[in-house]
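*Asks:* any chance you could fold what I've pasted below:
(one chain, ligands or ions: 2)
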Amino acid sequence: MALVESSINLEVGKVNPDLQKERDGASFNPNDMTLVLLGGPKRAQHRREVVRQLFSDPVFNQEMRYSQSKTERYDQAMHQSIRLAEYMIEKGWTDKEMQTAAVALHYDLATAVHAVMFVPTILRLATPEQQAEWLPQAASFKMIGTYAQTELGHGTNLKALETTATYDRSSECFIMNTPLPSGMKWWPGGLGKSTTHALVTANLIVDGQSHGFQVFLVQLRDVETFEELPGIEVGDIGPRISVSVTDNGYLIMRNVKIPRNNMLSKYCTVTSEGKFLRQEGTAKSNYGTMMMVRASIVDLAFQNTSQAVTIATRYGAVRRQSELKPGAKEPQIIDFVTQQYKLIPNIALAYGLHFTKEYMLSYYHQVFEEEIQKGVYDSVPELHSQSCGLKAYCTDLSMDTVEVCRRSCGGHGFMMASGLCSLLMDGLGSVTYEGENTVLYLQTARFLMKNYAAAMQGGRTARSLAFLTANHPTCELLDVFNLPQLQAVFDVRAKFMLECGAVRMSESLKNGRQQYEAWNENSVELVRASKAYLDSFTAVNFMKRVSTLDIKPELKDVLMKLCRLHALHRIVSSAEEFLQSMAINTKQLEDIRSAEIKLLASLRPDAVALVDSFDYHDQTLNSALGRYDGNVYEKMYDLTKRNPMNEQSVHPAIHKYLKPFQAKARL
Ligand SMILES: CCCCCCC/C=C/C(=O)SCCNC(=O)CCNC(=O)[C@H](O)C(C)(C)COP(=O)(O)OP(=O)(O)OC[C@H]1O[C@@H](n2cnc3c(N)ncnc32)[C@H](O)[C@@H]1OP(=O)(O)O
Ligand SMILES: Cc1cc2nc3c(=O)[nH]c(=O)nc-3n(C[C@H](O)[C@H](O)[C@H](O)COP(=O)(O)OP(=O)(O)OC[C@H]3O[C@@H](n4cnc5c(N)ncnc54)[C@H](O)[C@@H]3O)c2cc1C
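*Replies:* Ligands and ions are numbered 1, 2, ... in the order given. The predicted structure is shown next:
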């Protein structure tokens, strides 16, 4: 009772004084940093305006989402999707605004996969005529689609997918079939309840001959009644780790006929006579959507990381606990150096991921829009390797960060109201979907090994692997804050790790192993090689981007500290590999550890300003702990009062079970 009274007596809306003190003491203006992160005032203004409009509409208020059941959340997710569609008509919102809105809403939309995969796949794999027919229907939600690739029996191994599309010359149709049970489609987002159509990947069979994985547009439901069409069985796959809004579904097709035109035919087609033709592209052109979505997931990893550190850092400034100076007032928990070590390297990581996702998205657009559209496919192997590797590396680190942040909030980090539990549970899918992370690291390793062999034979390497042919002397780290020297240290370690993988492979082959046996035998080392390369790539990209920014000195100063801290922290995190490769020695490792702690102290006064700079709206964070005004306890109390468990002072279960038992026991 005392707690309740003291909470409601605090003024809501006024900024918590500890948080205000942090903001007053920062070395830079967060708004200036936001403009750097968002690419200038025009873009920042645009994002703020879209987000402001979004959250002034009660339909997008998700404050009670943590208390909602799956069905209630789905209801709201559908409502939000349709409201956004209305905005396209009423406010003239385009893809740009929709993308900003989707990110601000954590993709909590019943039509997320429609927007993120269905439409983009049509844009990438359909002919101009097919696009002209389908895209307007998709834009007006007459057609709501999903991307149905994974099956119950196979997700990773696309060559083993069992669904068939058999060409029937007499009707000029494909007949779609699901071999049961392992061939049924399983997982596609929105398939359960929300979609009328699916882009189904299936083995194309013409005259008994298989032509491998092709993509087909299949209508699942009547667009008016939403009832399943004949031969189609669809449903939700059931409870998953999070109460995510997405209705991931299953699909069975029994002799479902679709017109010949429904095979997406930019790269391959079947003529009416039943002739299979490859028009252009490569054998893997139909895998294009996966590259695109993996690149977008790098952005998602940045969002998850930066939101988690925003919540935990603000809370770290507001929360007072324990004793630091004997007899003094309880300190802000962020003053404990161990707490700083949980938060500040992860703030640095969030900034590093910002520059990584900028790189990834721009490289994807360069290759897709400037090269592939002109029929140039030379960069595809590197783009595939990097989109796989960075998707895996960034989501792995981002999930580690979210969990560290959650724990850093003590008991309250265990409450849904922290906003950190849903970041974790919803985010966890990202290490599995769009390619399981180990599988993706191995795709990167395949590319690395090829390039390593080329470099050793004096040939050319891909752009991002120039370090393989550069000549770095070892142990030249004289100044642990010197960026070129740190870059050399990363490159030496990455090259060494690639060499370890290559040497082991060649030894296995010399010992008579088949290529596939050697690969499997050395795959742990190959994953290490990939991670070393990705560590190096992201740290060096961070250093290069920050070094070339033409910005106010106080912003540059703090960003330089962050990219140094990121580099040092990554070295400490994989110290044994840096030592083993002789990129550093043990004395240098000691210096690096001390430098890390010095950087914590130097960045501590800017911690809150650094997370404020991410410019998240309170409704996006949806966190009682990470609120901009820092009024944590009042908000927790407010949410608790509105928790459905507190709707009745006596729960009906008391009258249903306890009271009859007590009455009986008295007899
Ligand atoms: C923004 C947030 C919203 C997110 C919503 C997410 C919703 C989730 C959706 C999904 O999960 S959809 C399903 C995604 N499924 C997968 O990612 C499956 C993973 N498996 C694969 O990608 C592949 O099977 C494989 C593991 C890459 C292997 O493919 P395959 O069996 O065909 O291998 P090989 O014949 O050995 O060929 C390898 C050869 O092909 C090149 N390659 C592979 N993929 C691509 C690609 N996407 N683009 C270009 N090239 C590709 C690879 O580099 C090899 O080349 P070489 O070394 O032989 O030259
Ligand atoms: C939340 C969520 C949403 C999804 N949405 C969609 C969607 O919209 N559409 C869709 O089509 N799919 C979707 N999926 C499916 C997803 O793409 C697959 O689950 C994913 O690609 C992994 O495949 P898998 O489940 O077959 O795992 P498996 O391949 O069975 O993996 C199991 C284990 O085997 C290991 N393994 C497998 N192959 C290899 C190998 N070659 N080398 C080494 N190790 C290996 C993996 O590393 C892993 O440890 C979704 C999945 C989730 C979790």
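*Asks:* what's the helix or strand for the residue of the stretch 551-667 of the chain found nearest ligand 1?
*Replies:* Nearest residue of the stretch 551-667 of the chain to ligand 1, counting by Cβ to the nearest ligand atom: Thr620, 15.2 Å away. Glycine gets a C-beta too; all of them are placed from N, C-alpha and C. Using DSSP states H and E, Thr620 falls within helix 618-621.
*Asks:* which ones are touching the spatially closest residue to the residue of the stretch 551-667 of the chain closest to ligand 1 that is not a sequence neighbour?
*Replies:* Spatial nearest neighbour of Thr620, excluding adjacent residues (Cβ to Cβ, 6 or more residues apart in numbering): Ala104 at 4.9 Å. By Cβ atoms under 8 Å, 6 or more residues apart in numbering, the contact set of Ala104 is 50-51, 54-55, 617, 619-620.
*Asks:* and the helix or strand harbouring Ala295, how far from the chain's centre?
*Replies:* In this structure, Ala295 sits in helix 288-318 according to DSSP H and E. Distance, stretch centre to chain centre, for helix 288-318: 6 Å (Cα atoms, centre = their mean, to the nearest Å).
*Asks:* which strands and helices sit next to that helix?
*Replies:* The contact analysis (3 or more Cβ pairs under 8 Å, 6 or more residues apart in numbering; DSSP states H and E) places helix 288-318 against helix 17-24, helix 119-125, helix 337-365, helix 380-408, helix 420-428, helix 607-612, helix 618-621.
*Asks:* these: which one's closest to Gln648?
*Replies:* Among these, the nearest to Gln648 by Cβ to Cβ is helix 420-428 (25.5 Å).
*Asks:* give the buried residues for the closest one.
*Replies:* 420-428 (16 or more other Cβ atoms under 10 Å).
*Asks:* quick one: it to helix 380-408, angle?
*Replies:* In terms of direction (axes from the mean of the first three to the mean of the last three Cα atoms, to 10 degrees), helix 420-428 departs from helix 380-408 by 160 degrees.
*Asks:* so what does helix 420-428 touch, helix or strand wise?
*Replies:* So helix 420-428, by 3+ Cβ pairs under 8 Å, 6+ apart, packs with helix 288-318, helix 380-408.
*Asks:* what's the most buried one of those?
*Replies:* Mean neighbour count (mean count of other Cβ atoms under 10 Å) peaks for helix 288-318 among the helices and strands packed on helix 420-428, with a mean of 26.
*Asks:* residues in contact with whichever residue of the chain sits closest to ligand 2?
*Replies:* Proximity of the chain to ligand 2 (Cβ to the nearest ligand atom) peaks at Gly155, 2.4 Å away. Residues in contact with Gly155 (Cβ under 8 Å, 6+ apart) are 149, 187, 436.
*Asks:* per-residue pLDDT, it?
*Replies:* Listed pLDDT for Gly155 reads 97.
*Asks:* and it, helix, strand or coil?
*Replies:* Secondary structure assignment for Gly155 (DSSP: H, G, I helix; E, B strand; the rest coil): coil.
*Asks:* now it: how far from Ile297?
*Replies:* For Gly155, the distance to Ile297 (Cβ to Cβ, to the nearest Å) stands at 16 Å.
*Asks:* with Leu428 instead?
*Replies:* 13 Å.
*Asks:* now Ser574
*Replies:* The value you get for Ser574 to Ile297, if Cβ to Cβ is used, is 23 Å.
*Asks:* just checking, next helix/strand downstream of whichever strand or helix holds Lys495?
*Replies:* Using DSSP H and E, Lys495 sits within helix 483-510. Counting by DSSP H and E, the next helix or strand C-terminal to helix 483-510 is helix 515-521.
*Asks:* and that next one, what does it pack against?
*Replies:* Partner elements for helix 515-521 (3+ Cβ pairs under 8 Å, 6+ apart): helix 483-510.
*Asks:* output the below-cut-off pLDDT ranges for this structure.
*Replies:* Within the chain, the segments meeting pLDDT under 70 span 1-13, 243, 472-475, 667.
*Asks:* for it, what lies in contact range of ligand 1?
*Replies:* Residues of the chain lying near ligand 1 by Cβ under 6 Å from any ligand atom: 107, 113, 116, 147, 149-150, 155-159, 189, 284, 287, 290-291, 293, 296-297, 300, 380-381, 384, 433-435, 439, 443, 446.
*Asks:* torsion angles phi and psi at Thr271?
*Replies:* Per-residue torsions, Thr271: phi -70, psi 170 (degrees, to the nearest 10).
*Asks:* for His617, see how far away Glu90 is.
*Replies:* Where His617 is concerned, Glu90 sits at a distance of 21 Å (Cβ to Cβ).
*Asks:* correction: the previous question concerned Pro230.
*Replies:* The value you get for Pro230 to His617, if Cβ to Cβ is used, is 46 Å.
*Asks:* which of these two has more neighbours?
*Replies:* More crowded of Pro230 and His617, by other Cβ atoms under 10 Å: His617, with 15 against 8.
*Asks:* isn't the more buried one up against Gln53?
*Replies:* No - the pair His617 / Gln53 is not scored as a contact, 11.2 Å apart, by Cβ atoms under 8 Å.
*Asks:* can you pull the residues that touch both of these two?
*Replies:* Counting by Cβ under 8 Å, 6+ apart, His617 and Gln53 have no common neighbour.
*Asks:* just the buried residues of stretch 271-287, please?
*Replies:* 276, 281, 284-287.
*Asks:* again with stretch 438-453
*Replies:* 440-449, 451-452.
*Asks:* any idea how far that stretch is from the middle of the chain?
*Replies:* With Cα atoms, centre = their mean, you get 21 Å for stretch 438-453.
*Asks:* cool, and stretch 566-577?
*Replies:* With Cα atoms, centre = their mean, you get 23 Å for stretch 566-577.
*Asks:* which residues are in contact with it?
*Replies:* By Cβ under 8 Å, 6+ apart, stretch 566-577 touches 345, 348-349, 351-352, 480, 483, 486, 489-490, 493, 496-497, 528, 531-532, 535, 539, 542-543, 578, 584, 589, 592-593, 595-596, 599.
*Asks:* just the buried residues of these.
*Replies:* 345, 348-349, 351-352, 480, 483, 486, 489-490, 493, 496-497, 528, 531-532, 535, 539, 542-543, 578, 584, 589, 592, 595-596, 599.
*Asks:* so which residues of the stretch 51-200 of the chain form strands?
*Replies:* 145-148, 164-168, 173-177, 185-186, 197-206 (DSSP state E, counting those that start in this stretch).
*Asks:* same list, these, but as CSV with mean neighbour count please.
*Replies:* Formatted as CSV, the strands of the stretch 51-200 of the chain follow (neighbours: other Cβ atoms under 10 Å):
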stretch, mean neighbour count
strand 145-148, 31
strand 164-168, 20
strand 173-177, 21
strand 185-186, 24
strand 197-206, 23
